[in-house]
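K.L.:
Show me the folded form of this:
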Amino acid sequence: MQRAICIIRCVKTRPDLSKHERIRQTLIEAIAKGQYEPGQRLPSESALVKTFGASRPTVNRALRDLQLSGVIDRRAGSGSYVRADAATRGYLFGLLIPELGRTEIFEPICSGMADAQHGSHHALLWGSSLADSANLEEQASLACRQLVAQKVSGVFFAPLELTPEKDLINRRIAEIFDRAGIPLTLLDRDLVPYPERSQYDLVGIDNRRAGYTITSHLLRRGCRRLAFVGRPRSAPTVDARIWGYREALAGGEAEPHVFRIDPEDRTEVKRVLDDARPDGFVCANDFTAAQLLKTLDALGVSVPDDVRMAGFDDVKYASLLSVPLTTIHQPCADIGAVAIGAMLERLRSPKMPPRDILLNFHLVVRDSCGSAAR
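P.N.:
Numbers count the residues shown, from 1 in each chain. Down below sits the predicted model:
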């Protein structure tokens with residue numbers, strides 16, 4: 001069994017890495033890609049010092065870590081050599097996450113992937129990021145072609161959302177990898193509208209059940225006129241949460257009120273307040289909740305005194321808002337680790353049926369939902 005090594009190459013996405021870790025990861029990637037074959041000598045310490053602009057002790061530490069991981073052998077007076085059992089050209093995976101940097105759940109998901117250990121030598125490569133512009137489709141095609149050219153064994157893809165062209169772009173991305181015979185594992189969301197199902201493995205949480213759970217909590221806290229707020233063209237995960245929200249309201253006194261609005265638009269939020277007269281909000285995610293909280297404050301509506309509020313994701317700032325947010329916690333690091341395992345299983349058994357691999361979540365109760373009694 002090969003020793004497991006999982007890395008992320010792009011330094012800008014892992015600013016927490018020290019210099020010796022960056023050197024180590026770069027060398028591991030080169031080995032995984034076959035740039036250094038089993039038994040081949042690595043560049044000398046002097047050469048690595050010049051290449052990375054690092055001190056000799058820093059380079060020495062990186063090489064020592066590779067030795068302790070079983071990747072290389074270090075021979076006194078001779079140099080460092082790739083071990084025959086650690087460099088048999090392992091898997092090289094691509095990462096295509098357009099929302100990285102705008103959706104906070106993906107950074108810890110990627111960290112979980114980087115830290116995963118699954119008994120298989122593999123490395124992770126970032127595809128080009130997609131910017132907000134008129135040529136998103138062209139950028140997506142370029143990013144895909146780059147990964148195909150790298151001959152990646154599989155791609156982890158978090159489908160694009162919130163743009164008018166998202167469905168077309170997501171389909172085109174999938175088609176490119178399908179034609180190249182490269183398997184996709186989807187992170188967090190599908191690329192078709194909920195409740196439809198694509199042909200790819202998906203790793204995330206049960207968003208429908210999460211929507212039911214958070215809505216039921218607000219009902220228990222005394223809410224009777226709950227509104228769901230999300231943005232237009234959101235990911236299918238939001239639609240799943242809306243289904244769960246509706247199911248929690250079914251059979252009770254409350255009627256569903258679903259609004260697809262910009263939570264920063266005071267006019268739209270005021271219309272929601274006038275039309276639905278809500279005493280609580282279920283927000284599509286924590287980012288939406290944070291913006292809605294700010295808008296409500298500007299309109300003189302107090303959370304939780306006038307309305308209660310909850311979100312999804314439990315991002316870093318959820319507990320730091322002016323009113324700490326009740327939310328659904330996603331096990332992001334575990335999602336990343338499980339995604340690596342799912343991809344390896346797919347490569348071993350390519351004819352398996354597509355799978356939804358849904359990890360458990362938990363409710364985090366904070367001040368935004370108020371006390372049990374009104």
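
K.L.:
Parallel or antiparallel, which strands does the host helix or strand of residue 204 pair with?
P.N.:
Using DSSP states H and E, residue 204 sits in strand 201-205. Applying DSSP bridges to the sheet, strand 201-205 is found paired with strand 184-187 (parallel), strand 356-359 (parallel).

K.L.:
neighbouring contacts of that strand?
P.N.:
The contact list for strand 201-205 (CB atoms under 8 Å, 6 or more residues apart in numbering) reads 183-190, 237, 328, 330-331, 335, 338-339, 342-343, 346, 354-361. The C-beta positions use only the backbone N, C-alpha and C, and glycine is treated the same way.

K.L.:
Contacts only, for the nearest residue to residue 97 once chain neighbours are set aside.
P.N.:
Nearest residue to residue 97, sequence neighbours excluded (CB to CB, 6 or more residues apart in numbering): residue 158, at 4.5 Å. Residue 158 makes contact with 96-100, 106, 186-189, according to CB under 8 Å, 6+ apart.

K.L.:
if we take those, which one ends up nearest to residue 152?
P.N.:
Using CB to CB, residue 96 comes nearest to residue 152 of the contacts of residue 158, at 10.0 Å.

K.L.:
I'd say the closest one and residue 142 touch.
P.N.:
No: counting by CB atoms under 8 Å, residue 96 sits too far from residue 142 to count as a contact (11.3 Å).

K.L.:
Quick one: work out the angle between the next helix or strand after the strand holding residue 204 and strand 201-205.
P.N.:
Where DSSP H and E defines the elements, the next helix or strand beyond strand 201-205 is helix 207-220. If you take axes from the mean of the first three to the mean of the last three CA atoms, to 10 degrees, helix 207-220 sits at 10 degrees to strand 201-205.

K.L.:
now what about the next helix or strand after helix 207-220, what contacts it?
P.N.:
Using DSSP H and E, the next helix or strand after helix 207-220 towards the C-terminus is strand 226-230. Contacting residues not belonging to strand 226-230 are listed as 215, 218-219, 238, 241-242, 245, 249, 254, 256-261, 263, 272, 276, 278-285, 288, 292 [CB under 8 Å, 6+ apart].

K.L.:
Residue 199 belongs to a helix, doesn't it?
P.N.:
No: looking at residue 199 with DSSP: H, G, I helix; E, B strand; the rest coil, it is coil, so not inside a helix.

K.L.:
Identify the residue spatially nearest to it, adjacent ones excluded.
P.N.:
Going by CB to CB, 6+ apart, residue 199 has residue 354 as its nearest residue, at 5.3 Å.

K.L.:
how far is stretch 363-371 from where the chain is centred?
P.N.:
25 Å (CA atoms, centre = their mean, to the nearest Å).

K.L.:
CA atoms only for that stretch, dumped as CSV, please.
P.N.:
The C-alpha coordinates for stretch 363-371 follow below in CSV (Å, rounded to 0.1, in the frame of the first residue of the first chain):
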residue,chain,number,x,y,z
LEU,A,363,-27.6,23.1,14.9
VAL,A,364,-25.7,26.0,16.6
VAL,A,365,-28.0,28.2,18.7
ARG,A,366,-27.0,31.8,19.3
ASP,A,367,-28.7,35.1,20.2
SER,A,368,-30.4,35.7,16.8
CYS,A,369,-33.2,33.3,17.5
GLY,A,370,-34.0,34.9,20.9
SER,A,371,-35.2,33.1,24.0
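
K.L.:
Report the buried residues of it.
P.N.:
363-364, 366-370 (16 or more other CB atoms under 10 Å).

K.L.:
Can you report how many residues neighbour the residue nearest to residue 215 when sequence neighbours are not counted?
P.N.:
In space, and not counting its chain neighbours, residue 215 is closest to residue 248: 3.7 Å by CB to CB, 6+ apart. Counted by other CB atoms under 10 Å, the residues lying close to residue 248 total 22.

K.L.:
who touches the closest residue to residue 252 other than its chain neighbours in this structure?
P.N.:
In this structure, residue 252 finds its nearest non-sequential neighbour in residue 219, 6.9 Å apart by CB to CB, 6+ apart. Listed by CB under 8 Å, 6+ apart, the contact partners of residue 219 are 226, 248-249, 252, 254.

K.L.:
Most neighbours out of these, which is it?
P.N.:
Top of these by neighbour count (other CB under 10 Å): residue 226, with 26 neighbours.

K.L.:
If that one is in a bridge, with which residues?
P.N.:
Assigned bridge partners for residue 226, using DSSP bridges, are residue 280.

K.L.:
For residue 293, see how far away it is.
P.N.:
Distance from residue 226 to residue 293, counting by CB to CB, to the nearest Å: 16 Å.

K.L.:
pLDDT below threshold where in the stretch 1-150 of the chain?
P.N.:
Applying pLDDT under 70 to the stretch 1-150 of the chain flags the ranges 1-17, 69, 85-90, 117-122, 127-134.

K.L.:
that older thread, inside strands: which ones of the contacts of residue 219?
P.N.:
residue 226 (DSSP state E).

K.L.:
so which of the contacts of residue 219 comes closest to residue 78?
P.N.:
The closest of these, once distances to residue 78 are taken by CB to CB, is residue 248, at 67.3 Å.

K.L.:
Which positions within stretch 54-72 qualify as buried?
P.N.:
54, 58-63, 65-66, 71-72.

K.L.:
Strand partners (parallel or antiparallel) of the helix or strand encompassing residue 94?
P.N.:
Assigned by DSSP H and E, residue 94 belongs to strand 91-96. Strand 91-96 pairs in its sheet with strand 122-126 (parallel), strand 154-157 (parallel), by DSSP bridges.
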